[in-house]
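Student: Below are the sequence and a predicted model; questions follow.
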Amino acid sequence: MRQDHQVRTPGLASQQLQSHLSIDKSAPAYSHQLCHLHCQARRNVQPADNGDKIERAVQTLLHLKTPLQAHEVYDSLDQAFPNGPVPCTSTRVLSGLAKRHALDIALVALSWHDVNKYELNCYTYNAVIDACVKTAAWTKALHLCSVMAHSEVELDTITFNTTISACERVGKWEMALQLVNAMTWKAVRPNTISFNAAISACEKYGEWERVLQLLRAMTQGKVE
(Lines give C-alpha, C1' and ligand atoms only; values in the text may rest on other atoms or scores of the structure.)
Protein backbone atom coordinates (compact mmCIF):
# COMPACT_ATOMS: atom_id res chain seq x y z
CA MET A 1 0.00 0.00 0.00
CA ARG A 2 1.30 3.46 -0.87
CA GLN A 3 2.09 5.95 1.83
CA ASP A 4 -0.18 8.92 2.38
CA HIS A 5 0.71 11.94 0.24
CA GLN A 6 1.64 14.00 3.29
CA VAL A 7 4.74 11.89 3.91
CA ARG A 8 5.80 11.28 0.33
CA THR A 9 9.26 12.42 -0.64
CA PRO A 10 9.60 14.11 -4.03
CA GLY A 11 11.79 12.29 -6.52
CA LEU A 12 14.35 13.74 -8.87
CA ALA A 13 11.84 15.10 -11.37
CA SER A 14 9.92 17.06 -8.74
CA GLN A 15 13.14 18.53 -7.36
CA GLN A 16 14.18 19.67 -10.84
CA LEU A 17 10.92 21.37 -11.87
CA GLN A 18 12.30 24.81 -10.98
CA SER A 19 15.81 24.27 -12.37
CA HIS A 20 17.29 26.15 -15.31
CA LEU A 21 17.76 24.61 -18.75
CA SER A 22 20.77 22.30 -18.70
CA ILE A 23 20.77 19.76 -21.50
CA ASP A 24 23.03 16.85 -20.65
CA LYS A 25 24.72 15.76 -23.87
CA SER A 26 25.83 12.47 -22.29
CA ALA A 27 22.38 11.40 -21.05
CA PRO A 28 21.18 8.26 -22.86
CA ALA A 29 18.27 8.77 -25.23
CA TYR A 30 15.45 6.29 -25.57
CA SER A 31 13.66 5.99 -28.88
CA HIS A 32 9.98 6.48 -29.67
CA GLN A 33 9.83 2.76 -30.30
CA LEU A 34 11.07 1.93 -26.81
CA CYS A 35 8.50 4.29 -25.26
CA HIS A 36 5.80 2.65 -27.33
CA LEU A 37 6.90 -0.91 -26.52
CA HIS A 38 7.16 -0.12 -22.81
CA CYS A 39 3.67 1.34 -22.91
CA GLN A 40 2.39 -1.82 -24.61
CA ALA A 41 4.08 -3.99 -22.01
CA ARG A 42 2.37 -2.07 -19.21
CA ARG A 43 -0.94 -2.52 -20.98
CA ASN A 44 -0.46 -6.29 -20.79
CA VAL A 45 -0.24 -6.02 -17.00
CA GLN A 46 -2.79 -3.28 -16.41
CA PRO A 47 -5.52 -2.37 -18.92
CA ALA A 48 -5.73 1.20 -20.15
CA ASP A 49 -8.52 3.27 -18.66
CA ASN A 50 -11.46 4.14 -20.86
CA GLY A 51 -12.17 7.61 -22.14
CA ASP A 52 -15.07 8.27 -19.77
CA LYS A 53 -12.94 7.55 -16.71
CA ILE A 54 -10.18 9.79 -17.98
CA GLU A 55 -12.57 12.64 -18.77
CA ARG A 56 -14.13 12.36 -15.30
CA ALA A 57 -10.67 12.62 -13.76
CA VAL A 58 -9.87 15.70 -15.85
CA GLN A 59 -13.17 17.37 -14.96
CA THR A 60 -12.65 16.66 -11.26
CA LEU A 61 -9.24 18.31 -11.40
CA LEU A 62 -10.57 21.31 -13.31
CA HIS A 63 -13.23 21.91 -10.66
CA LEU A 64 -10.84 22.03 -7.70
CA LYS A 65 -10.99 25.21 -5.65
CA THR A 66 -8.51 28.01 -6.10
CA PRO A 67 -5.92 28.72 -4.93
CA LEU A 68 -4.83 25.25 -6.00
CA GLN A 69 -3.74 22.90 -3.23
CA ALA A 70 -1.33 20.15 -4.25
CA HIS A 71 -2.76 17.62 -1.79
CA GLU A 72 -6.21 18.03 -3.36
CA VAL A 73 -4.79 17.20 -6.79
CA TYR A 74 -3.01 14.20 -5.28
CA ASP A 75 -6.18 13.00 -3.54
CA SER A 76 -8.25 13.36 -6.71
CA LEU A 77 -5.75 11.36 -8.74
CA ASP A 78 -5.44 8.72 -5.99
CA GLN A 79 -9.21 8.24 -6.10
CA ALA A 80 -9.39 8.19 -9.89
CA PHE A 81 -6.48 5.77 -10.32
CA PRO A 82 -6.05 3.77 -7.08
CA ASN A 83 -3.73 1.28 -8.79
CA GLY A 84 -1.86 3.95 -10.67
CA PRO A 85 -2.25 4.88 -14.33
CA VAL A 86 -0.51 3.27 -17.27
CA PRO A 87 1.59 5.76 -19.28
CA CYS A 88 -1.01 6.05 -22.03
CA THR A 89 -3.64 7.04 -19.48
CA SER A 90 -1.28 9.59 -17.93
CA THR A 91 -0.67 11.17 -21.31
CA ARG A 92 -4.39 11.43 -22.02
CA VAL A 93 -5.11 13.04 -18.64
CA LEU A 94 -2.30 15.56 -19.04
CA SER A 95 -3.32 16.28 -22.64
CA GLY A 96 -6.86 16.91 -21.45
CA LEU A 97 -5.56 19.45 -18.96
CA ALA A 98 -3.37 21.05 -21.61
CA LYS A 99 -6.34 21.53 -23.92
CA ARG A 100 -8.03 23.51 -21.14
CA HIS A 101 -4.86 25.57 -20.55
CA ALA A 102 -4.69 24.13 -17.01
CA LEU A 103 -0.90 24.27 -16.69
CA ASP A 104 -0.71 24.59 -12.90
CA ILE A 105 -2.85 21.49 -12.40
CA ALA A 106 -0.85 19.59 -15.03
CA LEU A 107 2.42 20.41 -13.25
CA VAL A 108 1.08 19.15 -9.91
CA ALA A 109 -0.27 16.03 -11.64
CA LEU A 110 3.19 15.45 -13.09
CA SER A 111 4.65 15.72 -9.60
CA TRP A 112 2.07 13.18 -8.35
CA HIS A 113 3.39 10.69 -10.89
CA ASP A 114 6.94 11.27 -9.75
CA VAL A 115 6.41 10.95 -5.99
CA ASN A 116 4.47 7.73 -6.55
CA LYS A 117 7.15 6.38 -8.90
CA TYR A 118 4.66 6.03 -11.74
CA GLU A 119 6.25 5.90 -15.14
CA LEU A 120 6.91 9.18 -16.93
CA ASN A 121 8.02 9.13 -20.55
CA CYS A 122 8.47 11.58 -23.40
CA TYR A 123 4.74 11.53 -24.18
CA THR A 124 3.64 12.52 -20.69
CA TYR A 125 6.17 15.35 -20.52
CA ASN A 126 5.29 16.54 -24.02
CA ALA A 127 1.65 16.86 -23.00
CA VAL A 128 2.60 19.25 -20.19
CA ILE A 129 4.99 21.20 -22.40
CA ASP A 130 2.06 21.67 -24.78
CA ALA A 131 0.20 23.31 -21.89
CA CYS A 132 3.21 25.62 -21.48
CA VAL A 133 2.85 26.70 -25.12
CA LYS A 134 -0.85 27.42 -24.70
CA THR A 135 -0.18 29.59 -21.64
CA ALA A 136 2.99 31.28 -22.98
CA ALA A 137 4.97 29.74 -20.10
CA TRP A 138 8.23 29.35 -21.98
CA THR A 139 10.43 29.21 -18.87
CA LYS A 140 8.43 26.29 -17.50
CA ALA A 141 8.78 24.51 -20.84
CA LEU A 142 12.55 24.91 -20.53
CA HIS A 143 12.43 23.64 -16.94
CA LEU A 144 10.61 20.52 -18.10
CA CYS A 145 13.24 19.92 -20.78
CA SER A 146 15.85 20.11 -18.02
CA VAL A 147 13.90 17.65 -15.89
CA MET A 148 13.66 15.22 -18.80
CA ALA A 149 17.39 15.42 -19.52
CA HIS A 150 18.39 14.90 -15.87
CA SER A 151 15.89 12.05 -15.51
CA GLU A 152 17.24 10.40 -18.67
CA VAL A 153 13.92 10.68 -20.46
CA GLU A 154 14.19 11.11 -24.21
CA LEU A 155 13.79 14.61 -25.58
CA ASP A 156 12.26 13.83 -28.97
CA THR A 157 11.40 15.99 -31.97
CA ILE A 158 8.01 16.87 -30.50
CA THR A 159 9.63 17.94 -27.22
CA PHE A 160 11.97 20.34 -28.99
CA ASN A 161 9.42 21.62 -31.49
CA THR A 162 6.89 22.35 -28.78
CA THR A 163 9.46 24.13 -26.62
CA ILE A 164 10.72 26.14 -29.58
CA SER A 165 7.11 27.15 -30.26
CA ALA A 166 6.76 28.26 -26.62
CA CYS A 167 9.80 30.52 -27.09
CA GLU A 168 8.56 31.76 -30.46
CA ARG A 169 5.24 32.88 -29.00
CA VAL A 170 7.00 35.31 -26.66
CA GLY A 171 9.74 36.35 -29.08
CA LYS A 172 12.62 34.53 -27.35
CA TRP A 173 14.55 34.05 -30.58
CA GLU A 174 17.93 33.45 -28.89
CA MET A 175 16.55 30.52 -26.93
CA ALA A 176 14.76 29.20 -30.01
CA LEU A 177 18.10 29.10 -31.83
CA GLN A 178 19.78 27.39 -28.88
CA LEU A 179 17.11 24.71 -28.91
CA VAL A 180 17.60 24.07 -32.63
CA ASN A 181 21.32 23.63 -31.93
CA ALA A 182 20.54 21.41 -28.93
CA MET A 183 18.65 19.06 -31.22
CA THR A 184 21.96 18.32 -32.97
CA TRP A 185 23.69 17.67 -29.64
CA LYS A 186 20.95 15.22 -28.70
CA ALA A 187 21.03 13.52 -32.12
CA VAL A 188 17.46 14.67 -32.83
CA ARG A 189 17.01 15.80 -36.43
CA PRO A 190 15.31 19.21 -36.75
CA ASN A 191 12.42 19.26 -39.21
CA THR A 192 10.46 21.96 -41.02
CA ILE A 193 8.41 22.71 -37.89
CA SER A 194 11.60 23.23 -35.85
CA PHE A 195 13.08 25.70 -38.32
CA ASN A 196 9.83 27.51 -39.08
CA ALA A 197 9.21 28.21 -35.39
CA ALA A 198 12.77 29.51 -34.94
CA ILE A 199 12.49 31.60 -38.12
CA SER A 200 9.22 33.10 -36.90
CA ALA A 201 10.82 34.03 -33.57
CA CYS A 202 13.68 35.78 -35.38
CA GLU A 203 11.34 37.58 -37.78
CA LYS A 204 9.40 39.13 -34.91
CA TYR A 205 12.51 40.98 -33.76
CA GLY A 206 13.98 41.75 -37.16
CA GLU A 207 16.84 39.27 -36.86
CA TRP A 208 17.06 38.87 -40.63
CA GLU A 209 20.63 37.60 -40.66
CA ARG A 210 19.55 34.76 -38.37
CA VAL A 211 16.59 34.07 -40.63
CA LEU A 212 18.91 33.72 -43.62
CA GLN A 213 21.22 31.44 -41.64
CA LEU A 214 18.30 29.19 -40.73
CA LEU A 215 17.08 29.10 -44.33
CA ARG A 216 20.55 28.13 -45.53
CA ALA A 217 20.75 25.42 -42.85
CA MET A 218 17.42 24.05 -44.02
CA THR A 219 18.61 23.91 -47.62
CA GLN A 220 21.99 22.37 -46.79
CA GLY A 221 20.43 19.84 -44.43
CA LYS A 222 17.64 18.93 -46.85
CA VAL A 223 15.16 19.41 -44.04
CA GLU A 224 11.78 17.80 -44.45
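Tutor: Received it, and whenever you're ready, just let me know what you need. Residues are numbered from 1 along each chain as shown.

Student: okay, CA-based contacts and neighbour counts for the rest of this
Tutor: Fine.

Student: need the contact list for the residue nearest to K134 when sequence neighbours are not counted.
Tutor: Distances taken as Cα to Cα, 6 or more residues apart in numbering place H101 nearest to K134, at 6.1 Å, with adjacent residues excluded. Contacts for H101 (Cα atoms under 8 Å, 6 or more residues apart in numbering) come out as 131, 134-135.

Student: mind putting these in a markdown table, pLDDT included?
Tutor: Listed next are the contacts of H101 as a markdown table, based on pLDDT from 0 to 100:
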| residue | pLDDT |
| --- | --- |
| A131 | 97 |
| K134 | 95 |
| T135 | 95 |
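
Student: With secondary structure, distance to A187 and neighbour count as added columns, please give the residues you listed in TSV.
Tutor: Formatted as TSV, the contacts of H101 follow (DSSP: H, G, I helix; E, B strand; the rest coil; distance: Cα to Cα, whole Å; neighbours: other Cα atoms under 10 Å):
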residue	secondary structure	distance to A187	neighbour count
A131	helix	25	28
K134	helix	27	19
T135	coil	29	16
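
Student: can you put the residues you listed in CSV and add distance to P82?
Tutor: Shown next, in CSV, are the contacts of H101 (distance: Cα to Cα, whole Å):
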residue, distance to P82
A131, 25
K134, 30
T135, 30
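
Student: Three-state assignment for the residue nearest to K134, please.
Tutor: coil (DSSP: H, G, I helix; E, B strand; the rest coil).

Student: Against M218, how distant is K65?
Tutor: Distance check for K65 against M218: by Cα to Cα, to the nearest Å, it reads 48 Å.
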